[in-house]
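**Q** sequence and predicted structure, then a few things I'm wondering about:
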Amino acid sequence: QVQVVESGGGLAQPGGSLRLSCAASGFTPDLTAIGWFRQAPGKERDRVSCISSTDGETYYEDSVKGRFTISRDGPKNTVYLQMNDLKPEDTALYYCAIGHDMLACLGHAMNYWGQGTQVTVSS
């Protein structure tokens, strides 16, 4: 049984930092991309960042480039999203998802999704 569990969300002040974690288990080796997505109230779910387990390739949306860093701990099958210089517009429910490859991540065509972790940026 595939499990995708996010953690690390919470309340941060503008300019602050949070680190999200995504623990994944039970998935087959052909699923090589893990991505972070977010959905703000009243908006569609957006892609934030993706990482490939085969070559470490990463992708970031323009809105988070230079502020967010995605990384992977292979043996633990855990992916992290370090979020620095947070802005109020980063407030959203953040989801982790697993898919076949980076194209799937870029196309939001992921196979398994977590339940999400809330990030709120406010003073």
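**A** It's in. Small disclaimer: the values here were computed from a predicted structure and weren't measured.

**Q** any stretches of the protein with poor pLDDT?
**A** 76 (pLDDT under 70).

**Q** could you pull out the helices for it?
**A** Remark: helices assigned in the chain by DSSP state H are 102-106.

**Q** and the residue nearest the centre of it, how far from residue 123?
**A** Nearest to the geometric centre of the chain sits residue 36, at 2.0 Å (Cα atoms, centre = their mean). Noted for residue 36: a distance of 24 Å to residue 123, by Cβ to Cβ, to the nearest Å. All C-beta atoms are positioned from the backbone trio N, CA, C, and that covers glycine.

**Q** would you check that the residue nearest to the centre of the chain makes contact with residue 9?
**A** No: the pair residue 36 / residue 9 is not scored as a contact, 11.4 Å apart, by Cβ atoms under 8 Å.

**Q** name the residues contacting each of the two.
**A** Shared contacts of residue 36 and residue 9 (Cβ atoms under 8 Å, 6 or more residues apart in numbering): 20, 94.

**Q** residue 31 and residue 15, how far apart?
**A** Following Cβ to Cβ, the distance that separates residue 31 from residue 15 is 36 Å.

**Q** who's more crowded, those two?
**A** residue 31 (19 against 11; other Cβ atoms under 10 Å).

**Q** excluding chain neighbours, what is closest to the more buried one?
**A** The shortest distance from residue 31 to any non-neighbouring residue, by Cβ to Cβ, 6 or more residues apart in numbering, is to residue 98 (5.0 Å).
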